[in-house]
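# Next come a sequence and a model predicted from it.
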Amino acid sequence: MASINTNVAALTALRALTSTNTALEQTQNRISTGLRVNDASDNAAYWSIATTMRSDSKALSVVQDSLGLGAATVDTAYAGINSAIGIADQIKQKLLSARGEGVDRSKIQKEITELQGQLRGIADAAVVPGAENWLSTDSSVAGYNATKSIVSSFTRVNGTVSVQTIGVDTSNIKLYDGNSTPVTGTTTGTFAAAAGNFTLSVGGNAVGSVTTTTGSTLNSIADDINALGAGITATVSGGQLAFTNNNGAAVTVNGAFATATGLTAPTLGAANTGVVYGNTTGTFAAAAAGPINITVGGSTVGSFSTTTNSTLASIAADINALGIDGLTAAVNGSQLTFANRTGGAVAFSGAFSGLTGPSMAAPAPAAKGTLDKAIIDTFSGGRWTSSSVTDLDISALTNSAADAATLDTMIAGVDAQLGKLTDAATNLGSVKSRISLQKDFARSLMDTLEAGIGQLVDTDMNEESTRLQALQVKQQLGIQALSIANSSSQSILSLFR
């Protein structure tokens, strides 16, 4: 049946041509973009997976940048420590040359001073712009964290993402730490001298007592406190006593202080000096005694004995000759005074020559770097002083046995710090190697993700080019078929001629 209302052949040809044009448009889009899944309508599942993988790949790119910055920071710190090792070694050589007699130690000290300045310059300069300085720090700054984190990877497991980091503990890497403020405190109340006797204790152990009279003044009391030589200093400030505690343990003043002075003593917590000072008590009278065991942290580390010929100086020399790392003895008037830098509590097993050895608390760890951490404690002028690689001074040392022993201690101390610098460089070298491995892994993981994305959404250009040619031919044939179908209705007119 021929109909002028409905041309079935034309409709069929039109549907076929429309389908061909749609397929042709899709093929052309795939060829122009290179993607067979360009948006969610193409394949929702593949598009979602590919989009997530692209996001993870970008995250890994950021990880790569973080690893690069971390590597630069580690390389800079390593270079600084490596240079510091060379300078510290030169300081040790200078000290060794000063050990001999007939040398001008003041001139050698001038050379050492220049080397010490170079060490500080190295630590201050070893920093990547915009990053933290790992070698010269200040742990007293709010929010300070000795463990530095380098973002190393980004992972996704069952839809949950997590970030992994490489932690670098800089507590054993830093060369300098500006956190060296001693603990201070000032009395309160109104001064009124009275007859009395008060005791000062470090870490709960008495280090000495001060006797007052009605004629005592703030200055005389301060002098008596300073004469204890136990790391506690006092000065007069505006009608009050200002205390400074250099001990790595809390200092307390017993209640008799208020009776003797009318003042209330301040609370003096532990300083971060890493040392605790203590004095013997009693009246010295040379006598045979011993062996007296010295314990550190409950373990015996050495012993000594006294005789009727012993002196305070000889006893101090005998104790120092034991070579107990971190324990130094000296004579303070009619008593022995000690510096405990061992890291543990120090105690004596018994009395000797009328003296009772101090029980010294374990010092709180010193928040110092390798080069500004004390390596030697010396007692002079009634006070303890500490020296590090950075500030040791040999210009005033003589050829006496005591000064020779001091030089030996300095040499041993510098050598010990050299060992710590070497350990720090070793640690940084290990971190450097790990960062390099992680960078290679992150790059490989990014390449794997890119390949996976390609498998999901990239188009096969060979296949699409072949399809394009076929569809172009099919389109031309469809146009011809539609033209023929449309012309068939014109033949109906010939029936009415």
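Received the coordinates, thanks. Numbering: from 1, shown residues only.
# Where does the residue lying closest to Val151 once chain neighbours are set aside sit: helix, strand or coil?
Leaving aside its sequence neighbours, Val151 sits nearest to Ser66 (Cβ to Cβ, 6 or more residues apart in numbering; 3.9 Å). (C-beta placed from N, C-alpha, C; glycine too.) Using DSSP: H, G, I helix; E, B strand; the rest coil, the structure places Ser66 in helix.
# residues near Ser66, how many?
23 (other Cβ atoms under 10 Å).
# where along the stretch 51-200 of the chain do the strands fall?
Assigned by DSSP state E, counting those that start in this stretch, the strands in the stretch 51-200 of the chain fall at 136-137, 147-157, 160-169, 176-177, 183-186, 188-189, 196-202.
# where do the helices sit along the protein?
In the chain, the helices defined using DSSP state H lie at 8-33, 44-98, 105-125, 218-226, 256-261, 312-321, 401-457, 461-487.
# Flag the shaky bits of this structure, pLDDT-wise.
1-6, 180-181, 489-490, 492-497 (pLDDT under 70).
# Mind checking the helices of the chain for the one nearest to Ala366?
Closest to Ala366 of the helices of the chain is helix 401-457 (Cβ to Cβ; 13.1 Å).
# Show me what that closest one is packed up against.
Contacts defined by 3 or more Cβ pairs under 8 Å, 6 or more residues apart in numbering; DSSP states H and E place helix 401-457 against helix 44-98, strand 147-157, strand 160-169, strand 376-380.
# and the first one with strand 147-157, angle?
It refers to helix 44-98. 160 degrees (axes from the mean of the first three to the mean of the last three Cα atoms, to 10 degrees).
# okay, the angle between helix 44-98 and helix 105-125?
170 degrees.
# Output the contacting helices and strands for helix 44-98.
Using 3+ Cβ pairs under 8 Å, 6+ apart: helix 44-98 touches helix 105-125, strand 147-157, helix 401-457.
# Just send these back as JSON lines, with mean neighbour count and distance to Ala131 too.
Output for the helices and strands packed on helix 44-98, formatted as JSON lines (neighbours: other Cβ atoms under 10 Å; distance: least, Cβ to Cβ, whole Å):
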{"stretch": "helix 105-125", "mean neighbour count": "17", "distance to Ala131": "13"}
{"stretch": "strand 147-157", "mean neighbour count": "16", "distance to Ala131": "9"}
{"stretch": "helix 401-457", "mean neighbour count": "17", "distance to Ala131": "14"}
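# Of the ones you listed, which is nearest Asn21?
helix 401-457 (23.8 Å).
# And the closest one, how far out from the chain middle?
13 Å (Cα atoms, centre = their mean, to the nearest Å).
# What of stretch 304-323?
41 Å.
# What residues sit buried inside that stretch?
Neighbour counts over stretch 304-323 (16 or more other Cβ atoms under 10 Å) mark Phe304, Thr306, Ser310, Leu312, Ile315, Ala316, Ala317, Asp318, Ile319, Asn320 as buried.
# between these, which is nearest Ala16?
Closest to Ala16, out of all of the buried residues of stretch 304-323 and judged by Cβ to Cβ, is Asn320, at 106.6 Å.
# Find the nearest non-adjacent residue to that closest one, please.
Per Cβ to Cβ, 6+ apart, closest to Asn320 is Ala329, 5.5 Å.
# Just give me the neighbour total for the one you found.
Neighbour tally, Ala329, other Cβ under 10 Å: 26.
# which one of the helices and strands packed on helix 401-457 lies closest to Ser216?
Once those are compared by Cβ to Cβ, strand 376-380 is nearest, at 26.1 Å.
# Which elements pack onto the closest one?
Packing partners of strand 376-380 (3+ Cβ pairs under 8 Å, 6+ apart): strand 327-332, strand 335-340, strand 383-387, helix 401-457.
# Minimum distance to Lys474: which of these has it?
Between Lys474 and the helices and strands packed on strand 376-380, the shortest separation by Cβ to Cβ is 26.0 Å, and it involves helix 401-457.
# between the closest one and strand 327-332, how many degrees?
Put simply, helix 401-457 runs at 150 degrees to strand 327-332, going by the same axes, to 10 degrees.
# Please convert the helices and strands packed on strand 376-380 to a markdown table, extending it with distance to Ala481.
A markdown table is the format used below for the helices and strands packed on strand 376-380 (distance: least, Cβ to Cβ, whole Å):
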| stretch | distance to Ala481 |
| --- | --- |
| strand 327-332 | 106 |
| strand 335-340 | 105 |
| strand 383-387 | 102 |
| helix 401-457 | 35 |
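# So which of those is nearest Val168?
That would be helix 401-457 among the helices and strands packed on strand 376-380, by Cβ to Cβ, at 5.5 Å.
# domain ranges for the chain?
The record's domain parsing of the chain by automatic domain parsing lists 183-264, 276-366.
# Tell me the span between the first and last residue of the shortest one.
Distance between the two ends of domain 183-264: 17 Å, counting by Cα to Cα, to the nearest Å.
# that older thread, would you list the strands of the stretch 51-200 of the chain in a markdown table and tack on distance to Gln335?
Rendered in a markdown table, the data for those read as follows (distance: least, Cβ to Cβ, whole Å):
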| stretch | distance to Gln335 |
| --- | --- |
| strand 136-137 | 38 |
| strand 147-157 | 43 |
| strand 160-169 | 41 |
| strand 176-177 | 33 |
| strand 183-186 | 24 |
| strand 188-189 | 30 |
| strand 196-202 | 14 |
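# ok, the nearest residue in space to Ser488 that is not next to it in sequence - contacts?
Leaving aside its sequence neighbours, Ser488 sits nearest to Ala9 (Cβ to Cβ, 6+ apart; 6.3 Å). In this structure, Ala9 makes contact with Ile484, Ala485, Ser488, judged by Cβ atoms under 8 Å, 6 or more residues apart in numbering.
# how many neighbours does the first one have?
Pointing back at Ile484 there. Look at Ile484: counted by other Cβ under 10 Å, it has 12 neighbours.
# Please tell me how far it sits from Asn7.
To Asn7, Ile484 is 11 Å away according to Cβ to Cβ, to the nearest Å.
# and what of the last one?
Relative to Asn7, Ser488 is positioned 7 Å away (criterion: Cβ to Cβ).
# more crowded one of those two?
The neighbour count for Ser488 versus Asn7, taken as other Cβ under 10 Å, is higher for Asn7 (16 against 13).
# For the more buried one, give its distance to Asn21.
19 Å.
# of the helices and strands packed on helix 44-98, which approaches Ala265 most closely?
For Ala265, the closest of these is helix 401-457, at 35.0 Å, according to Cβ to Cβ.
# how near is Ala125 to Asn133?
Using Cβ to Cβ, Ala125 is found at 9 Å from Asn133.
# Verify the contact between Ala195 and Gly215 for me.
No - in this structure Ala195 lies outside contact range of Gly215 using Cβ atoms under 8 Å: 9.6 Å.
# TSV please, covering the helices and strands packed on helix 401-457 and showing distance to Val202.
As requested, those are exported to TSV (distance: least, Cβ to Cβ, whole Å):
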stretch	distance to Val202
helix 44-98	31
strand 147-157	31
strand 160-169	30
strand 376-380	15
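# number of nearby residues for Ile225?
Going by other Cβ under 10 Å, the residues that sit close to Ile225 add up to 20.
# so what's it closest to, chain neighbours aside?
Ala234 (4.2 Å).
# what's the answer for Gly452, then?
Nearest to Gly452 is Met53, by Cβ to Cβ, 6+ apart, at 5.9 Å.
# Enumerate every residue touching that neighbour.
Leu449, Gly452, Ile453, Leu456.
# okay, now the closest residue to Pro291 other than its chain neighbours: neighbour count?
Distances taken as Cβ to Cβ, 6+ apart put Ser303 closest to Pro291, at 4.0 Å, once the chain neighbours are dropped. Residues lying near Ser303 (other Cβ under 10 Å) number 16.
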